[in-house]
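predicted model follows, preceded by the sequence.
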Amino acid sequence: MDPNELLLLGLLDQQEMHGYKLHEILEHRLHFISDLKRSTAYRLLEQLLARGLVEREAERPGRRPERMVYHITPAGRAHFERILREELATARPTIHAGNAALLFSDRIPREERRALFERRRRGVEEQRAVIASIVQAHPRNTYARLALEHDLAHLETELHWLSSTIDRLAKEKDL
C-alpha cells in the first residue's frame, strides 16, 4: 500500500481541489505526515485518474488561467476506505534509515561516536520541541493531533534510546 495514495485520496475525499491547493496543504500543513513532492503528487494523481479513482475537470475562476480540479470518484472512495482500514489494522516492519550507520559505528573512535550521538540527541530534542508545540496547537480528540502524538511518542523513544546509548558509551568498554 502506498501511503501517498492513501493521503491524496483522503484529501480529495474531504474536498475537491486543484493541484496547487493540494501542494500547499501537503507542504505547509501536512509536512509532518509526508514528504510528498509536487512532481510525485502530480504523477500519482495521473495514475489515480487512469485507474478511475479520481476525475478532473477544467475550471476557470473569473479571468484567471484555467486550472484542473480533482475529485474522488465513488470507486476511489471505496478504494480509499478499503486501504484505510487495511493500513489501520496492519503492523508494518519499521526500518530506520539510521540503522545502517549504527551497524558500522564501531569504525568511528569511541569519543567521537559519543559526540555524534550527543549531536543526534540534540537534533531529536529540537524535533520533539517542534512537534510538541504543533500538538498543543491542535484541539484534543482530533485525528491530526493523534498522528502528531504518534510521532511524538517515537521521538520520546528515540531520546530514551540515545540517552542510554550515550551512557553506555561513557561507561562500557566494548560498545
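Arrived safely, thanks for sending.

residue 170 and residue 37, how far apart?
Going from residue 170 to residue 37 by CB to CB, to the nearest Å gives 41 Å. No exception for glycine: its C-beta is placed from N, CA and C like everyone else's.

now residue 80
21 Å.

the more surrounded of these two?
Set side by side, residue 80 and residue 37 show more neighbours around residue 80, with 19 against 13, by other CB atoms under 10 Å.

mind showing which ranges of this structure have poor pLDDT?
Residue ranges of the chain with pLDDT under 70: 175.

for it, what spans make up the helices?
3-14, 19-28, 38-50, 74-89, 99-103, 110-137, 143-171 (DSSP state H).

out of those helices, flag the one nearest residue 65.
Nearest of these to residue 65, taken as CB to CB: helix 19-28 at 10.9 Å.

please name every helix or strand in contact with the closest one.
Applying 3 or more CB pairs under 8 Å, 6 or more residues apart in numbering; DSSP states H and E, we find helix 19-28 packed against helix 3-14, helix 38-50, strand 67-72.

between those, which one is nearest to residue 58?
Of these, the one closest to residue 58 (CB to CB) turns out to be strand 67-72, at 6.1 Å.

pull up the pairing partners for the closest one, direction included.
According to DSSP bridges, strand 67-72 forms sheet pairs with strand 17-18 (antiparallel), strand 54-59 (antiparallel).

tell me the contacts of residue 110?
Contacts for residue 110 (CB atoms under 8 Å, 6 or more residues apart in numbering) come out as residue 169.

tell me how far residue 153 lies from residue 128.
10 Å.

who's more crowded, those two?
Neighbours were counted for residue 153 and for residue 128 using other CB under 10 Å; residue 128 has more, 17 against 10.

just say which of the strands paired with strand 67-72 is most tucked in.
strand 17-18 (a mean of 16; mean count of other CB atoms under 10 Å).
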